[in-house]
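Visitor: got a structure for you, letters missing:
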C-alpha cells in the first residue's frame, strides 16, 4: 500500500478506534487528552473576543478538532467588556465568547442591538466567518434578540450552548470553580461545548458539508448477515427503528442516501419488499449497489450518479477493513464505524460535516431533483427528437439581482461548484455583500424549474463594471443544471439582468484551471473573442449573436427583459 | 512509584506539556506551567481518570503531587 493510501486508511482506523470516546454521553477528559493522532491535521487560526475565561474551553476543544482533522491556534483577546474589535490578519474564523450578565444596564433588545453593532464593526474589517456564544445568561429571549439583530450581517452564526445546558441540566454547573477559576461551568459542560465547537460548529465553517451517506446493510442497518441468516433471520431492533427515523429526518432536510452492500441484488430487493420494518427505506435511497465489487468502486459510481465529490460522502459500515479499503482508494471519503445503531446515530449527530448552521431550499429539493434528472436523461435518450423533448420540459429560468436573502445560497454555489466554475474564487457571503456595498457589484441568481421539478437557485454570476468593461468575478452553475444547453441563457441572461440595456462592449471573465472545471473551459472557448488566456478570457458583447440566443429559445425567461439597443 | 502516582504524572505531562517523570516533588511552586487554568484542567482530568469527585475543601489543598495522590487514595478507600 503506498503512502497516500496508507494515510487514508490510518486516518479512518485511528478515528474508528476512538469513536466510543468522542461520541460518549459522559465524556472523559483524561482519555480525550491522551488522543494524539498520527495523521496530519489542517492548521486553522481562530481569534476569540471575550470577556469570559475561554481558556478552559480552548484547551478542551483540541482533541475534538484533532478528531475532525484540524489543529487550531486559538488567539484570545484581553478581557474587554466594550468588545473593541480590530482587524486581525490571516484568521480563519472569529469567535465571541461573551458573559452577557455583565451588561446589567441594558435590556435584552438594547444589548442585542449593541452587540450586533460590535459584530458589524468586525464584519467591516474582515470577511472571515463569525461565531458567537452566550457563556452565562442562557436566555431564549436574549438569544433570539441577538439572532434577529445580526440576521442581516452575513456569515455570522449563533452557537446554541443553551441546548447543551438543557441536556446536562444541573450537571452543567459546578460551583466549586466559581471563585477560584472564575467559571461555574462543570467539566462535562466544558467538554460538551468543546465537542460541539470542535466537531460541529468550526468544521461547518472550514469544510464542505456531507451531502450523501453511503450505508452498508449487514450488521449496520440490522443485526445479522443477509446471505447467511436469510430474509427472516436478520434482526431489526428498536434502536434500528430509531436509526431509520433519523435517516428519514435527514433525508427530509436534503441528505442523499445510497446503499452499498456485498450481497446479491435479488436478496436485497427481497429484503426491502418482504421485511415490513425495512419497507420504507428504499424511499430515501437514491441508489442501491448490491454486488461483490470493492466498495470503493461502488462508492465512486455513486458519486458520479449523484453528481457529487466523494469528499462530500460519509461511508457507514460495521467492518473496519471496508473503511480501510475505501479510504485507501478514495481520498477524502469520510467514514463512520457502525459498531451499533446507537453509535451510528451519535456519529451522525456529531460527525464533522454533518452539522449546518443553515439549510437552503435547494438542500430539500436536491433528492427529488436528482431522481428526476435520471428520468430526464432516460427520456432524452429515448426521444427521437432530443430538441423537441427539451421543449416539452417547459423549462423556466428566473433571474434576481442583489437579493439579500439569496446571498447565502450564492456563496454556497461559489464554494461548492467545481465543474462549471470559472474563477474558483470561492467568494464568501460577506465578500459578496461587501462587493455590492463598496463596488456597486451585482450578484445575480438564476433559478431553474421545469414540468418535472423545481431545482431552485442553480446559477450565480457576480459582476462589477469598470471603465466600460464588465468583470464577471464569479460564474458558477450547479452540475444539476448542466446537460440541457442552458449555460448561454443563464450567463448572458445574468449579464442583461445586471446591466439592463447598457451592457458594456467587453466582458472579462477571470479563469482558473481546476481539476474538474472542464465544462466551464469548453463554454469559455466557444465564446472568448481571442481564446482563453492563462488567467482570463474576453467576450465581445455582440447584440446580433445574442439576439439569436434570447429569441430563438423555447425556455421561458422570468424577470428578464431583453431588448436590443 | 505506585500506579496512581504514575498515572497522575502521566496526566501532568499532558496538561503541562512537559515531562515531569524525573521531577521528584511536583509542586505548583516549582512548575511554572501550573497556573490556575492548568490547575482546573488537571483536576478535572484526574477526577475523570480515577472516577472521583473532590469536595471544595479538598480542592483547596491539592497543590502538589503528594497531596493529589493522597486525595485519590483516600477517595478510593
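Guide: Cool, got the structure. Computed from a predicted structure; not experimentally measured.

Visitor: Mind picking out the helix or strand in chain B with the poorest mean pLDDT?
Guide: One helix or strand of chain B scores below all others by mean pLDDT, DSSP states H and E: helix B:56-59, with a mean of 86.

Visitor: how about that helix: buried residues?
Guide: By 16 or more other Cβ atoms under 10 Å in any protein chain shown, the buried positions in helix B:56-59 come out as B:58-59. Placement of C-beta: from N, CA and C, glycine included.

Visitor: Who are the packing partners of the following helix or strand past it?
Guide: Remark: after helix B:56-59, the chain's next helix or strand is helix B:65-76, criterion DSSP states H and E. Secondary-structure packing of helix B:65-76 (3 or more Cβ pairs under 8 Å, 6 or more residues apart in numbering or on different chains; DSSP states H and E): helix B:3-16, helix B:36-50.

Visitor: Give me the residues contacting the shortest one.
Guide: Residues from elsewhere that reach helix B:3-16 (Cβ atoms under 8 Å, 6 or more residues apart in numbering or on different chains): A:30, A:33-34, B:1, B:19-21, B:26, B:31, B:33-34, B:38, B:41-42, B:45-46, B:49-50, B:65, B:68-69, B:72-73.

Visitor: Tell me the spacing between the nearest residue to residue A:8 once chain neighbours are set aside and chain B.
Guide: Nearest residue to residue A:8, sequence neighbours excluded (Cβ to Cβ, 6 or more residues apart in numbering or on different chains): residue A:327, at 3.8 Å. Distance, residue A:327 to chain B, by Cβ to the nearest Cβ, to the nearest Å: 28 Å.

Visitor: ok, residue A:327 - how many residues close by?
Guide: 25 (other Cβ atoms under 10 Å in any protein chain shown).

Visitor: that older thread, check whether the least confident helix or strand of chain B comes near chain A.
Guide: Yes. Helix B:56-59 lies in contact with chain A when judged by Cβ under 8 Å from any Cβ of the partner chain; the contacting residues are B:56, B:59.

Visitor: I'd like to know which elements the one helix or strand residue A:245 maps to is packed against.
Guide: Assigned by DSSP H and E, residue A:245 belongs to helix A:238-252. Contact partners of helix A:238-252 among helices and strands, from 3+ Cβ pairs under 8 Å, 6+ apart: strand A:212-215, helix A:341-350.

Visitor: ok, now with 6 Å
Guide: helix A:341-350 (3 or more Cβ pairs under 6 Å, 6 or more residues apart in numbering or on different chains; DSSP states H and E).

Visitor: Would you mark the buried spots in the very next helix or strand once past the helix it packs on?
Guide: Sequence-wise, the next helix or strand downstream of helix A:341-350 (DSSP H and E) is helix A:361-382. Neighbour counts over helix A:361-382 (16+ other Cβ under 10 Å) mark A:362-367, A:369-370, A:372-373, A:376 as buried.

Visitor: Around chain B, which positions in chain A sit nearby?
Guide: A:28-30, A:33, A:55, A:59, A:176, A:181, A:187 (Cβ under 6 Å from any Cβ of the partner chain).

Visitor: Just send these back as TSV, with secondary structure too.
Guide: Listed next are these as TSV, based on DSSP: H, G, I helix; E, B strand; the rest coil:
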residue	secondary structure
A:28	coil
A:29	helix
A:30	helix
A:33	helix
A:55	helix
A:59	helix
A:176	helix
A:181	coil
A:187	helix
